[in-house]
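Undergrad: From the sequence below, what's the structure:
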Amino acid sequence: MDIYNLTTITEFILTGLSDLPEVRYPLFVVFAAIYQITLLGNGAILLAIGTEKKLHTPMYYFLANLSLLDIFCPSATVPKMLQNLLSEKQSISFVGCVLQLFFLVALAGTEVFLLSVMAYDRYVAICFPLRYTLIMTKWLCVQLTAGTWAAGFLNSLLHTVFTFRLSFCKSNRVNQYYCDIPPVVALSCSSTYVAEMVLLLEGGILGISACLITGISYIYIISTILKIRSAEGKRKAFSTCASHLLVVCLFYGTTIFTYIRPSSGHYSLARDRLISMLYGVITPMLNPIIYSLRNSEVIGALRKVLCHKMCFTK
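TA: I've put the predicted structure just below:
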């Protein structure tokens, strides 16, 4: 990052919600409520897994990491968005934009890798149930989790460096409600070829690899489930991965529409903002709901915690 960048632009204007001044207060209430629900929902999942010994298994260990990501990811963008909804000048400092983009890309990347690890965990559980505890050891779970977080943050560091080493002198108006790679790169007045190629090649290779691991795991899972003769056996086997499969579809669906699409015209910009909100704000709120509604063990653990708290207060 050179001095030219710092002296040319000291702040960015986030224009993602600037064309909706008449509804900014209702939007503040809605997004504040969604953010609180996200924190409470994912916090409840973490509390249930942490306090219930029956949930100290690889599947719930990975779920706890997913809940952490779903707390951190909206926390990188929503507080600043709420602040800007209450202020006339919807700005973010240059350093603030760098940090926001870094953590957002890092956490989103970590979630991509974590979802593939969770798919592999379900593959081992359903396809090799008798060897599950021998394969998915505690040490392997720690290694896989550490690998996902390290890969996500190293990947983000690379993209952040290549993005902010560009020269920004055309405009400082980011056409989004947070700092992300495509709208920030679009402001550069220098060649963006290297930054775009790094995003396409390195991001594409890692993303496709994680997607392939997830897809291949579910091909084997579905194939194994179909071979089970009893309907009850099929139902039980499918129920162990249904929540994760739904979360994967929701995450990849919003991510693909956010980053892999042609963009032109006012309609496209409005659509991109809506999909970005689904991806960055709504999905982290839905994940704990999906897991808790479809998982009797999580519901039981939450009830036990609530009952204990209520009985203790009495």
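Undergrad: Now do the same for I13: helix, strand or coil?
TA: At I13 the chain is in strand, as set by DSSP: H, G, I helix; E, B strand; the rest coil.
Undergrad: Start and end of stretch 123-133, how far apart?
TA: 13 Å (C-alpha to C-alpha, to the nearest Å).
Undergrad: cool, stretch 184-195 as well?
TA: 11 Å.
Undergrad: State the distance from the residue positioned nearest the centre of the chain to A146.
TA: The chain has A108 as the residue nearest its centroid, 4.3 Å off, counting by C-alpha atoms, centre = their mean. Look at A108 and A146: by C-beta to C-beta, to the nearest Å, they are 18 Å apart. For the C-beta atoms, the positions are set from N, CA and C on the backbone; glycine is no exception.
Undergrad: what about the residue nearest to the centre of the chain, helix or strand, and which?
TA: Assigned by DSSP states H and E, A108 falls within helix 94-127.
Undergrad: which residues in this protein form helices?
TA: For the chain, the helices defined by DSSP state H occupy 3-8, 24-51, 58-75, 78-85, 94-127, 132-135, 138-164, 181-185, 193-227, 231-259, 265-277, 283-293, 296-313.
Undergrad: so can I have JSON lines of the ones you listed showing distance to V174 and mean pLDDT?
TA: Below are these laid out as JSON lines (distance: least, C-beta to C-beta, whole Å; pLDDT from 0 to 100):
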{"stretch": "helix 3-8", "distance to V174": "15", "mean pLDDT": "46"}
{"stretch": "helix 24-51", "distance to V174": "17", "mean pLDDT": "90"}
{"stretch": "helix 58-75", "distance to V174": "18", "mean pLDDT": "93"}
{"stretch": "helix 78-85", "distance to V174": "11", "mean pLDDT": "89"}
{"stretch": "helix 94-127", "distance to V174": "7", "mean pLDDT": "93"}
{"stretch": "helix 132-135", "distance to V174": "45", "mean pLDDT": "92"}
{"stretch": "helix 138-164", "distance to V174": "12", "mean pLDDT": "93"}
{"stretch": "helix 181-185", "distance to V174": "5", "mean pLDDT": "85"}
{"stretch": "helix 193-227", "distance to V174": "15", "mean pLDDT": "83"}
{"stretch": "helix 231-259", "distance to V174": "15", "mean pLDDT": "77"}
{"stretch": "helix 265-277", "distance to V174": "12", "mean pLDDT": "58"}
{"stretch": "helix 283-293", "distance to V174": "22", "mean pLDDT": "80"}
{"stretch": "helix 296-313", "distance to V174": "38", "mean pLDDT": "67"}
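Undergrad: Tabulate these (JSON lines), appending distance to T15.
TA: Output for the helices of the chain, formatted as JSON lines (distance: least, C-beta to C-beta, whole Å):
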{"stretch": "helix 3-8", "distance to T15": "19"}
{"stretch": "helix 24-51", "distance to T15": "13"}
{"stretch": "helix 58-75", "distance to T15": "20"}
{"stretch": "helix 78-85", "distance to T15": "10"}
{"stretch": "helix 94-127", "distance to T15": "13"}
{"stretch": "helix 132-135", "distance to T15": "50"}
{"stretch": "helix 138-164", "distance to T15": "18"}
{"stretch": "helix 181-185", "distance to T15": "9"}
{"stretch": "helix 193-227", "distance to T15": "21"}
{"stretch": "helix 231-259", "distance to T15": "17"}
{"stretch": "helix 265-277", "distance to T15": "10"}
{"stretch": "helix 283-293", "distance to T15": "23"}
{"stretch": "helix 296-313", "distance to T15": "40"}
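Undergrad: which residues does the residue nearest to P58 when sequence neighbours are not counted contact?
TA: Nearest non-adjacent residue to P58, counting by C-beta to C-beta, 6 or more residues apart in numbering: M136, 4.4 Å away. M136 makes contact with 58, 121, 124-125, according to C-beta atoms under 8 Å, 6 or more residues apart in numbering.
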